[in-house]
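>>> need coordinates for the below:
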Amino acid sequence: MSNVHNHNHEVKDKNLIFSIFLNILITVSQVIGGILSGSLALLSDALHNFSDVISLLLSLFAHRLSKKDANENRTFGYKRAEIIAAFVNSITLIIVAIFLIYEAIIRFSNPVIISSNLVIGLSFLGIVFNGVSALILKKDSEHNINMKSAYLHLFTDMLASVAVLIGGLLMKYFGWFWVDSVMTILIAVYLIFVGIDLLRTSTKMLMLFTPDHINIKEIVSEVHKISGVGKLHHIHVWHLNDGELHLEAHLDCSNDIKMSEFNNLLHQIELVLLEKFHINHINIQPEFKKEDSKDIIVQD
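Next comes the predicted model:
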């Protein structure tokens, strides 16, 4: 296997740890406030914040685990741990959302008078704390699916707090206590959409599907332009994690070349795949007039 590394963004533990601390403070405050005020939306927000704490802890554990060295029993190390964390986090988003919808529907038929001042104060606190947490993870989320799952938990929580704040203001000035349930449902529907998108992305990675931005036929076309290449076939392209995009293939050489010549040919292929497709881990099996299927995709 040939490894052509590019510079990856370094994700730091301290950002996650700080976010965990803030979310614990928010969760405790909102649970107490939700009980005292009678606000389902506030308790729902607290539940979502608690799920954030669990998700952030999982993300932190997976991130640290992914840094462990490979060994004879785990030749890839734990590099896929962060994808698993993102997969689990996406499922928790959806489960929490379904639970919120269920509770909101029950509350519709049993409306409760709510202490709106407490709801307004604590929802504002949630906006500030979640906003800060999401902000410090935003850059990491652009480079790492695990951090993206953590960031989405925090960002949606900030939006949830905004919704709760709006609901609190409407209850205070108009007496619309049914708004509490409406805001809860709106929060939940948004969580479902976000969770499904993240679940789809992480599942594709776990199933080793070809990344969405990769066109296999385009790869073949570019590689075939290189002198000495006969046919690239038996191709697999997958993400090991966010920073490692792998390609495995057979290469039918146009001439019966020496190994040193193949090394030069391989180097040219590596450059094309890295520069045009950002593929940085390449494993190519050289062949010459070998009698087997030359199809681009073959069921192994």
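
>>> shaky segments in the stretch 101-250 of the chain?
111-114 (pLDDT under 70).

>>> could you pull out the helices for it?
116-141, 145-174, 179-206, 216-223 (DSSP state H, counting those that start in this stretch).

>>> can you put those in JSON lines and add distance to Ser37?
Glycine gets a C-beta too; all of them are placed from N, C-alpha and C. Putting these into JSON lines (distance: least, C-beta to C-beta, whole Å) gives the following:
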{"stretch": "helix 116-141", "distance to Ser37": "4"}
{"stretch": "helix 145-174", "distance to Ser37": "9"}
{"stretch": "helix 179-206", "distance to Ser37": "10"}
{"stretch": "helix 216-223", "distance to Ser37": "56"}
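
>>> just those helices: most buried one?
Neighbour counts (mean count of other C-beta atoms under 10 Å) averaged over each of these peak at helix 145-174, with a mean of 23.

>>> by contact count, what packs against that one?
Applying 3 or more C-beta pairs under 8 Å, 6 or more residues apart in numbering; DSSP states H and E, one finds that helix 145-174 contacts helix 13-37, helix 40-66, helix 81-109, helix 116-141, helix 179-206.

>>> now that helix, how far from the chain's geometric center?
19 Å (C-alpha atoms, centre = their mean, to the nearest Å).

>>> Val31 is nearest to which of the helices of the stretch 101-250 of the chain?
Taking C-beta to C-beta, helix 116-141 is the member of these nearest to Val31, at 9.9 Å.

>>> what's the separation between the nearest residue to Val164 once chain neighbours are set aside and Phe99?
In space, and not counting its chain neighbours, Val164 is closest to Ser123: 3.9 Å by C-beta to C-beta, 6 or more residues apart in numbering. Applying C-beta to C-beta, to the nearest Å, the value for Ser123 to Phe99 is 19 Å.

>>> go on, Gln299?
41 Å.

>>> these two - which one has more neighbours?
Set Gln299 next to Phe99 and count neighbours by other C-beta atoms under 10 Å: Phe99 wins out with 15 against 5.

>>> any idea how far the closest residue to the more buried one other than its chain neighbours is from Phe129?
The shortest distance from Phe99 to any non-neighbouring residue, by C-beta to C-beta, 6+ apart, is to Leu47 (7.4 Å). According to C-beta to C-beta, Leu47 stands 16 Å off from Phe129.
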